[in-house]
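# Prediction below, plus the sequence it came from.
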Amino acid sequence: LDLGKMRGGVEYGYGSLIDDCVQDGGRRPPLLPSAFAIELEKKSFTNGKEDYPLVKGLYKDAFEERFGKATKLIYGMLGWGDAEAAQQAEV
């Protein structure tokens, strides 16, 4: 959520807060470590590419730790279409 999108003087409930503050269609499906590595190559670090291996490894380790133990994934009401569902199915 982007709480900076809240409108002044509006009293929010759960649904209206979600409606106003969802960023760019909501949360994207999680990326597999291989897909994350590809996206990471498009980013810049202040010290050049030295941090790429570290960040890539940290993501892979965290992904395997969290999704390796997950017994249930809940991604409701995000407005996902077929492409997002296919990406989620890879996980």
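Received, thanks.
# now the helices: where do they sit in this structure?
14-21, 33-40, 52-69, 82-90 (DSSP state H).
# And for the closest residue to Val55 other than its chain neighbours, the neighbour number?
Nearest non-adjacent residue to Val55, counting by C-beta to C-beta, 6 or more residues apart in numbering: Leu40, 6.2 Å away. (Each C-beta comes from the backbone N, C-alpha and C, glycine too.) By other C-beta atoms under 10 Å, the residues close to Leu40 number 18.
# can you check Phe67 too?
Other residues near Phe67 come to 13 when the count uses other C-beta under 10 Å.
# if I read this right, it contacts Val91, doesn't it?
Yes. In terms of C-beta atoms under 8 Å, Phe67 counts as a neighbour of Val91; the distance is 6.2 Å.
# distance of the closest residue to Tyr12 other than its chain neighbours from Lys43?
The spatially closest residue to Tyr12, leaving aside those adjacent along the chain, is Met6, at 6.8 Å (C-beta to C-beta, 6+ apart). Separation of Met6 from Lys43 (C-beta to C-beta, to the nearest Å): 29 Å.
# ok, now Glu11?
Counting by C-beta to C-beta - Glu11 and Lys43 are separated by 39 Å.
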